[in-house]
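J.: the amino acid sequence is not available; the structure is as follows:
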């Protein structure tokens, strides 16, 4: 009986160690401290996002395939969030930092009527830094273009990040229907 009570006590101690959310999570990766440059040539850090839920994706502006629907979907999500009064940040990390200067990102974002009040487009690092950041902390593929090509290969997920900087869920960013799922999750955690 004593061993049984010890096991029950241990269960409750261990259960208290994990973070519990009002949503079903699919990931648990910690975002490290970072300091990157926004479309407005300001610095965005993990500390700037602490205390807020945020949605991240990885895109680049001269992408000829998935980035256009992904950015359209993020813009749609931003509109839905505004309509519902959901307070969360959106962050689009460029996976082509050599081409995507702050000016290029700002022009690209304007094509989607992005509201920079809660949507940042970031650059200001080298390719290897963003590749490692994406793979290690978001489990999101980023691969250099093939020889003679300018198209970076990258994953198409959107990621929900907690106020503590933990990536807790991913969604298919190409499918517009998934924006409803992200919005529903944001409603539960906000």
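T.: All right, it came through fine. Keep in mind the model is a prediction, meaning the values are calculated, not measured. Numbering: from 1, shown residues only.

J.: poorly predicted segments of this protein, please.
T.: Low-confidence segments of the chain, defined by pLDDT under 70, are located at 1-20.

J.: just give me the residue right at the centre of it.
T.: What sits nearest the mean C-alpha location of the chain, by CA atoms, centre = their mean, is residue 56, with 1.5 Å.

J.: distance check, that residue against residue 64.
T.: Using CB to CB, to the nearest Å, we find residue 56 at a distance of 22 Å from residue 64. Heads up, the C-betas are built off the backbone N, CA and C, glycines and all.

J.: hmm, back to that, residue 158 is in contact with the residue nearest to the centre of the chain, correct?
T.: Yes - with contact defined as CB atoms under 8 Å, residue 56 and residue 158 form a contacting pair (7.1 Å).

J.: where do the strands sit along the protein?
T.: Counting by DSSP state E, the segments of the chain that form strands are 29-30, 35-38, 43-45, 54-59, 89-94, 119-123, 142-143, 153-154, 157-161, 166-172.

J.: in its sheet, what does the second one sit against?
T.: Translated: strand 35-38. Sheet pairing here is set by DSSP bridges, and for strand 35-38 it gives strand 43-45 (antiparallel), strand 119-123 (antiparallel).

J.: try the first one
T.: Under the criterion DSSP bridges, strand 29-30 sits next to strand 166-172 (antiparallel) in its sheet.

J.: returning to that earlier point: residues touching the residue nearest to the centre of the chain, list them.
T.: By CB atoms under 8 Å, 6 or more residues apart in numbering, the contact list for residue 56 reads 90, 91, 92, 93, 138, 158, 159, 161, 167.

J.: much appreciated, bye for now.
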